[in-house]
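Visitor: what follows is a predicted protein model with its sequence.
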Amino acid sequence: MADANFDVRYVAHLARIELTPTEEQKLGAQLNNILGYIEKLKELDVSTVEPTAHAAPMVNVTRADEVRPGLSNQEALRNAPAKAGGLFVVPRIVE
């Protein structure tokens, strides 16, 4: 069985949550179950399993990177609420 020598209050403090004594007991039991399950998983022989980053094969679904014409400066600024000197004018946010 899992080592129950962790402090539920400390874990709750790290997570910045307040627990009632009843919630502490419930969370403690749940964490013990989780740790017990992890201990059980450690018993599995995985020496023949190849390490992977994902459980299922991942395929990149992005489109091919190809050069395409962009917007001209006039087109980009056409609907701008404020513009000056070929640039967008935006509110100042840094003083």
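Guide: Good, I have the coordinates.

Visitor: for this protein, which helix is longest?
Guide: As assigned by DSSP state H, the longest helix anywhere in the chain is helix 21-41.

Visitor: same question for the very next helix or strand once past that one, mean pLDDT?
Guide: Sequence-wise, the next helix or strand downstream of helix 21-41 (DSSP states H and E) is helix 73-77. Helix 73-77 carries an average pLDDT of 94.

Visitor: which residues make contact with helix 73-77 from outside it?
Guide: 83, 86, 88 (Cβ atoms under 8 Å, 6 or more residues apart in numbering). C-betas here are computed from N, CA, C, even on glycine.

Visitor: farthest from the middle of the protein: give me that residue.
Guide: The centre of the chain is farthest from one residue, residue 85, which by Cα atoms, centre = their mean lies 41.2 Å away.

Visitor: related to what we said a few turns ago, if you count neighbours, what's buried in the longest helix of the chain?
Guide: Residues of helix 21-41 classed as buried by neighbour count (16 or more other Cβ atoms under 10 Å): 27-28, 32.

Visitor: returning to what we had before: turn the contacts of helix 73-77 into CSV, including pLDDT and distance to residue 44.
Guide: Below are these laid out as CSV (pLDDT from 0 to 100; distance: Cβ to Cβ, whole Å):
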residue, pLDDT, distance to residue 44
83, 94, 63
86, 93, 64
88, 95, 58
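
Visitor: buried only: go through those residues for me.
Guide: Among those, not one counts as buried by 16+ other Cβ under 10 Å.

Visitor: quick one on the thing from earlier: show me what the longest helix of the chain is packed up against.
Guide: If you count contacts as 3 or more Cβ pairs under 8 Å, 6 or more residues apart in numbering; DSSP states H and E, helix 21-41 packs onto helix 8-15.

Visitor: who are the packing partners of the helix it packs on?
Guide: Packed against helix 8-15 by the contact rule (3+ Cβ pairs under 8 Å, 6+ apart) you find helix 21-41.

Visitor: now the residue farthest from the centre of the chain: how far from residue 49?
Guide: Distance of residue 85 to residue 49, given as Cβ to Cβ, to the nearest Å: 62 Å.

Visitor: could you export the buried residues of helix 21-41 as a markdown table, including pLDDT and distance to residue 70?
Guide: Shown next, in a markdown table, are those (pLDDT from 0 to 100; distance: Cβ to Cβ, whole Å):
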| residue | pLDDT | distance to residue 70 |
| --- | --- | --- |
| 27 | 89 | 54 |
| 28 | 89 | 58 |
| 32 | 88 | 58 |
